[in-house]
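> below is the sequence, then the predicted model.
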2 protein chains.
Amino acid sequence: MQDGERRRSVTMRDVARQAGVGLATVSRVINGKPGVAPELVRRVTETARALGYRHDVTASSLRRADRRTATIALVLEDVANPFSSALHRAVEDAAREEGILVLAGSSDELPERERELIDAFTLRRVDGLIVLPTGSTDEQLAAVRGHGTPIVCVDRLVEIDRVDTVTVDNRDGTWSAVRRLRALGHRRIAFLGDLDSIWTARQRFAGFADAHAEAGRPVEERLVRRGLRSEEAAHAATTRLLTGGEPPTAVFAAQNLLTMGARRALQGLGVQEEVALIGFDDFPVADLLTPGVSVVAQDPATVGRTAARLLLSRVRGGDDHRPARHVVVPTRYVARGSGEIPPRT
Amino acid sequence: MQDGERRRSVTMRDVARQAGVGLATVSRVINGKPGVAPELVRRVTETARALGYRHDVTASSLRRADRRTATIALVLEDVANPFSSALHRAVEDAAREEGILVLAGSSDELPERERELIDAFTLRRVDGLIVLPTGSTDEQLAAVRGHGTPIVCVDRLVEIDRVDTVTVDNRDGTWSAVRRLRALGHRRIAFLGDLDSIWTARQRFAGFADAHAEAGRPVEERLVRRGLRSEEAAHAATTRLLTGGEPPTAVFAAQNLLTMGARRALQGLGVQEEVALIGFDDFPVADLLTPGVSVVAQDPATVGRTAARLLLSRVRGGDDHRPARHVVVPTRYVARGSGEIPPRT
DNA sequence: CTGAAAGCGCTTACAG
DNA sequence: CTGAAAGCGCTTACAG
């Protein structure tokens, strides 16, 4: 009993023998199927408990008609990043309601890593996949989808047959935030952005450009820093911009790590009260900084919940034939002070 | 090809038939086992690719001698909380090295929820479990462990046969931080703590008491607030303490959400520069607040990595007989200003 | 309502 | 080196 090592676990067969019934009856009782004599139900239940029977879900899904494993998988950029983990949690909650478990993995924005994860998950026959795609795996996603596995992509738009997406209004959110800066009188606005291969980075830059176009002003390329991958990179870029000639009077940081890096740079130069800053995506205690950091806030919980619902309805079957649906979740501007600073005159 | 619905997937049998070899040979080739004629290896590999064969890992583990599923599960308090998600990421990285996937779930500190998760995971025959235990599931953990599944508990100490633990030096970390406050001259130090059912909450309070005992002073119960479950609760408690008679000159918050709540309260009263604050567990941009928030920092990545290594070595077998090992990861005091404020005279 | 048989997709002795 | 057979733990027609 103590040495769990090589002990054969107790199977339905054991329970059947012990209870003096057929294997099929045990299966029916364990699965709560109707049409078994109450007396047998009692005997089987009792025996199973006495013997310490543990149902084997993987074996059962193998033989089961629908072949469902009651697991879905989540491919994120990094399970530890706040946006991803909030999304993860929302997916977990939606899955739990249907008794579905979730596997998760981090691609680190590497297509190769994303491919391996999708591969490993499908080899385990997960019932569905929610992926935050790097953008270089469309054919693989299409193939997996073609083989029958439902997929929902989050955060980034992809156009694949029967692959739903849940994204956020990156472009509009950015446009309206930058517009505010312009309304305050800012004319030299810097843009800090992530890798151009990332759909959201392109969308946010487009929104930035929109706000300039609307005012009939060209984007000043010298104030644009794209391809920034870390807080440190944003810190360095911001410091350089502010210590150069004709420095920006406002900074728009298109991602939360970049926002933190930019803010760190502003505080390093002691100008956090003079140079405006707006970030895309919220982060913890942004409101406790002085001044508070204004942001275009996303709603990762809604993104995750929506994605899970779309996925689970396809997994349940019935509506898996419907064409891809593309849901856009709105963002919300949160004014906390840093985005309300007028240009230094 | 487009309608993935009810299409039978291609099996090893199909590949065998098509390649004109036996089923066993296909299995050998797919699993990269030695001792198959090169010509057959080629033919099978080719045919498998041509037919779009996808190995079924769950079916294979069912028949396999070791019955391993190459998955482990993680039971956290909340996958979205920064400590948990950093730990999760470290576990994922260690597991990836061995081709192992990870399932994760959130207990929300509810024993019932934790039980359900452990149950669901073991029904899926995961190879091992890493759990951040609520503290009320010891018998279940012992039973699961007794049935053969390796388990490592993190963050909280439990004493179960052959269940390793990885914890942090909560008591010492707290003791030495509170000691610093005393050295600065603080005599009225408030303590904000989480639920008493949580092992770490008790340990941290013990460290708090140690620092008082060492100075021959009793803990002032009126300054102690335990059982706080949220940022809001900490906010309210702190506000009440500071606006009452003989207010504390320093606050020790024994958990990161509580630290944020306390800090929000201090800023609400405008006394963040006058009342000292030290928190247990770091949080993002704590250094960007004014003053920066001093903390006793934990190292979730090391906790996760260590736990994963302990678990995986037991999963690989060989050393699963060894008694439980209890690893303690050190904490580190990070001075940022708020903990260095002397008492108001 | 019940059970013996077949079989899910694979791996593993076993015999050649 | 190779393949036919048995079987992992279960579910599902099928016949009674």
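Looks like it came in fine.
> chain A: helices as residue ranges?
Listed in chain order, the helices of chain A (DSSP state H) span A:12-19, A:23-30, A:38-51, A:57-63, A:82-96, A:111-123, A:138-146, A:170-183, A:199-214, A:231-243, A:256-269, A:300-315.
> please name whichever of the ones you listed is nearest to B:Val334.
B:Val334 sits nearest to helix A:256-269 of all the helices of chain A, at 15.8 Å, using CB to CB. Every residue, glycine included, has its C-beta placed from N, CA and C.
> got the buried residues for the closest one?
Neighbour counts using 16 or more other CB atoms under 10 Å in any protein chain shown place A:Asn256, A:Leu257, A:Leu258, A:Thr259, A:Met260, A:Gly261, A:Ala262, A:Arg263, A:Arg264, A:Ala265, A:Leu266, A:Gln267 of helix A:256-269 among the buried residues.
> again, but for stretch A:16-36
For stretch A:16-36, the neighbour count (16+ other CB under 10 Å) marks A:Ala16, A:Gln18, A:Ala19, A:Val21, A:Thr25, A:Val26, A:Ser27, A:Arg28, A:Val29, A:Ile30, A:Val36 as buried.
> that stretch and DNA strand C in contact?
Yes - using CB under 7 Å from any atom of the strand, stretch A:16-36 reaches DNA strand C at A:Gly20, A:Val21, A:Gly22, A:Leu23, A:Ala24, A:Thr25, A:Arg28, A:Gly35, A:Val36.
> contacting residues for the residue lying closest to the fourth one once chain neighbours are set aside?
Spatial nearest neighbour of A:Leu23, chain neighbours left out: A:Ala16 (4.7 Å); criterion: CB to CB, 6 or more residues apart in numbering or on different chains. Listed by CB atoms under 8 Å, 6 or more residues apart in numbering or on different chains, the contact partners of A:Ala16 are A:Gly22, A:Leu23, A:Thr25, A:Val26.
> and chain A, what are its domains?
What automatic domain parsing lists as the domains of chain A is A:12-55, A:71-168+A:300-330, A:170-298+A:333-340.
> wait, which of the ones you listed is closest to B:Leu157?
Ranking those by their distance to B:Leu157 (criterion: CB to CB) puts domain A:71-168+A:300-330 first, at 24.4 Å.
> run the contact check for the closest one versus chain B.
Yes - interface with chain B: domain A:71-168+A:300-330 contributes A:71, A:78-82, A:85-86, A:88-89, A:92, A:96, A:99, A:101-106, A:120-125, A:145-149, A:161, A:320-321 (CB under 8 Å from any CB of the partner chain).
> just give me how far that domain sits from the chain centre.
With CA atoms, centre = their mean, to the nearest Å as the basis, domain A:71-168+A:300-330 stands 8 Å off its chain's centre.
> what's the closest of the buried residues of helix A:256-269 to A:Ala335?
Nearest to A:Ala335 among the buried residues of helix A:256-269, counting by CB to CB, is A:Thr259 at 14.8 Å.
> give me the nearest residue to that closest one, chain neighbours excluded.
Once flanking residues are discounted, A:Thr259 sits nearest to A:Gly279: 2.9 Å by CB to CB, 6+ apart.
> what of A:Thr69?
Counting by CB to CB, 6+ apart, the residue nearest A:Thr69 is A:Ser61, at 4.7 Å.
> contacts only, for the one you found.
By CB under 8 Å, 6+ apart, the contact set of A:Ser61 is A:Arg67, A:Arg68, A:Thr69, A:Ala70, A:Arg125, B:Thr58.
> report the buried members of these.
With burial judged by 16+ other CB under 10 Å, the buried subset of the contacts of A:Ser61 is A:Arg68, A:Thr69, A:Ala70, A:Arg125, B:Thr58.
> how many residues are close by the closest residue to DNA strand C within the stretch 51-200 of chain A?
Going by CB to the nearest atom of the strand, DNA strand C is nearest to A:Arg63 of the stretch 51-200 of chain A, at 3.1 Å. Close neighbours of A:Arg63, defined as other CB atoms under 10 Å in any protein chain shown, add up to 8.
> which parts of stretch A:38-46 are buried?
Those would be A:Leu40, A:Arg43, A:Val44, A:Thr45, for stretch A:38-46 by 16+ other CB under 10 Å.
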